[in-house]
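S.K.: Have a look; sequence and predicted model below, questions after that.
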Amino acid sequence: MIDLKIAGLRIAALLVLPILWAGPAHSQQPAPPKFSEEISKQDGIYQSRGITVPEGYVIDRSLLSYTFTLPPEFIDSLATLGPKDRWLDIGAGEGRAICDYSTGKYDAMHFKDRERPAKRAQSIAISIEDRRELYWHRTAASLEPNQIQYFFGKRLRQYSLEELGKFQLITDILGGFSYTENLSQFVEKTLSFLKVNGNFYTLLQDVRSENGTNRPHYPGAPFLTDLVNADGSELKVCSWLKRITCVEVTCEFKAKDAPPVEVYRIHKVCDNATVPALSPVHFAAGTPPERRFQSSTSSPSSPERTSTTR
Ligand SMILES: C[S@@+](CC[C@H](N)C(=O)[O-])C[C@H]1O[C@@H](n2cnc3c(N)ncnc32)[C@H](O)[C@@H]1O
């Protein structure tokens with residue numbers, strides 16, 4: 001259901017030699033030149049405008065698209081938000097999904113037999129670059145002040161709790177979760193903004209599925225997001241997520257999408273979640289970028305302790 005036009009940029013990515021940068025995940029050491037070069041190419045994609053926006057960089061997905069793409073529980077999470085709850089959309093692009101929710105565009109689908117709340121949850125969109133269009137400005141002007149807000153100019157990791165506050169619902173559709181060069185730090189930060197009993201819904205394209213039967217979508221290319229253990233053995237994204245403490249994780253692989261997508265529901269059950277560290281070892285700019293991360297541990301001693309599987 002999501003627009004998955006990434007082939008051109010994947011081909012470019014394949015020409016980039018693997019970058020062996022296995023510094024600690026939260027290392028302050030400067031990145032090697034090749035890594036920095038890819039990061040600056042990636043910045044070029046964020047700052048692209050008009051005809052320079054790569055075809056695969058989709059920034060205008062509707063709430064309907066979010067609903068069809070994310071796990072089915074997303075509809076319930078959205079429909080049960082009250083006026084005092086808050087929704088954060090990380091990597092919101094133009095912020096269409098938030099506008100659609102706030103104006104009730106797809107209410108018939110989201111609320112069905114439920115009573116529609118008189119007032120919607122406050123909703124915050126964040127994006128590295130300002131992608132707001134007239135649609136956003138008109139919607140914001142038609143609502144109470146700060147009912148919807150758009151923050152830009154920073155990455156998620158640069159926000160404090162004081163700036164953003166906490167949220168009952170967090171989403172990320174091909175935003176920071178797919179684009180960050182530091183996955184474990186990104187998830188740690190995201191969970192710090194999530195309230196206990198709240199849900200984080202996200203996805204990744206072209207990853208090894210939880211049951212491990214699929215191969216990379218593009219022949220000769222690696223998975224788009226590839227994780228390995230310290231000893232070099234394969235680590236599935238779903239298994240890594242299930243090693244995080246204080247969360248319950250559900251993974252669902254959508255093999256029929258092209259490229260296939262794994263969608264995740266991460267339900268927070270207690271504070272102070274511990275996210276197993278990953279170090280970036282390869283990053284090639286793209287939409288999304290091609291990334292490889294290495295865990296500092298070889299294999300989990302008690303995997304999937306807090307997890308559930310669909
Ligand atoms: C391909 S667009 C997706 C937009 C939107 N979710 C949609 O589906 O239409 C990627 C978005 O992620 C944002 N992004 C990437 N990395 C981010 C990060 N670390 N923190 C915040 N936003 C990020 C970009 O600025 C952009 O808004």
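M.R.: Looks like it came in fine. Residues are numbered from 1 along each chain as shown.

S.K.: so residue 89 is in which element?
M.R.: strand 86-90 (DSSP states H and E).

S.K.: Just the buried residues of stretch 248-264, please?
M.R.: For stretch 248-264, the neighbour count (16 or more other CB atoms under 10 Å) marks 249-254, 257, 259-264 as buried. The C-beta positions use only the backbone N, C-alpha and C, and glycine is treated the same way.

S.K.: Which parts of the stretch 1-150 of the chain are helices?
M.R.: For the stretch 1-150 of the chain, the helices defined by DSSP state H, counting those that start in this stretch occupy 7-14, 33-47, 63-69, 73-79, 96-103, 107-111, 134-142.

S.K.: The ligand contacts on the stretch 151-300 of the chain?
M.R.: Within reach of the ligand by CB under 6 Å from any ligand atom, the stretch 151-300 of the chain has these residues: 155-156, 173-176, 179-180.

S.K.: I'd like those laid out as a markdown table, including pLDDT, neighbour count and secondary structure.
M.R.: Shown next, in a markdown table, are these (pLDDT from 0 to 100; neighbours: other CB atoms under 10 Å; DSSP: H, G, I helix; E, B strand; the rest coil):
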| residue | pLDDT | neighbour count | secondary structure |
| --- | --- | --- | --- |
| 155 | 98 | 19 | coil |
| 156 | 98 | 23 | helix |
| 173 | 98 | 24 | coil |
| 174 | 98 | 26 | coil |
| 175 | 98 | 23 | coil |
| 176 | 98 | 22 | helix |
| 179 | 98 | 22 | helix |
| 180 | 98 | 25 | coil |
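
S.K.: Greatest separation within these: which pair is it?
M.R.: 155 and 173 (16.7 Å; CB to CB).

S.K.: Could you measure from the closest residue to residue 129 other than its chain neighbours over to residue 93?
M.R.: Among residues not flanking residue 129 along the chain, residue 46 sits closest, at 4.8 Å (CB to CB, 6 or more residues apart in numbering). To residue 93, residue 46 is 11 Å away according to CB to CB, to the nearest Å.

S.K.: and the residue lying closest to residue 78 once chain neighbours are set aside, how many neighbours does it have?
M.R.: Nearest residue to residue 78, sequence neighbours excluded (CB to CB, 6+ apart): residue 110, at 5.7 Å. A total of 20 residues lie near residue 110 under the criterion other CB atoms under 10 Å.

S.K.: measure residue 110 to the ligand for me?
M.R.: 17 Å (CB to the nearest ligand atom, to the nearest Å).

S.K.: so what's that residue up against?
M.R.: Counting by CB atoms under 8 Å, 6 or more residues apart in numbering, residue 110 touches 63, 67, 75, 78-79, 101.

S.K.: What is the nearest of the residues you listed to the ligand?
M.R.: Nearest to the ligand among those: residue 63, at 10.4 Å, using CB to the nearest ligand atom.

S.K.: So for that closest one, what's the pLDDT?
M.R.: At residue 63, the pLDDT value in this model is 97.

S.K.: try residue 117
M.R.: At residue 117, the pLDDT value in this model is 84.

S.K.: again, but for residue 113
M.R.: You'll see residue 113 listed with a pLDDT of 80.

S.K.: Now do residue 251 against the ligand, distance only.
M.R.: As judged by CB to the nearest ligand atom, residue 251 and the ligand stand 20 Å apart.

S.K.: now do residue 246
M.R.: Counting by CB to the nearest ligand atom, the gap from residue 246 to the ligand is 22 Å.

S.K.: try residue 39
M.R.: Using CB to the nearest ligand atom, residue 39 is found at 11 Å from the ligand.

S.K.: Next, the angle strand 86-90 makes with the lengthiest strand in the chain.
M.R.: Counting residues, the longest strand found in the chain (DSSP state E) is strand 194-205. Put simply, strand 194-205 runs at 30 degrees to strand 86-90, going by axes from the mean of the first three to the mean of the last three CA atoms, to 10 degrees.

S.K.: which parts of strand 194-205 are buried?
M.R.: Buried-residue list, strand 194-205, by 16+ other CB under 10 Å: 194-195, 198-205.

S.K.: next helix or strand past that strand?
M.R.: Scanning onward from strand 194-205 (DSSP H and E), the first element met is strand 225-228.

S.K.: neighbours of the residue nearest to residue 174 when sequence neighbours are not counted, just the number please.
M.R.: Among residues not flanking residue 174 along the chain, residue 288 sits closest, at 6.2 Å (CB to CB, 6+ apart). Residues near residue 288, counting by other CB under 10 Å, number 26.
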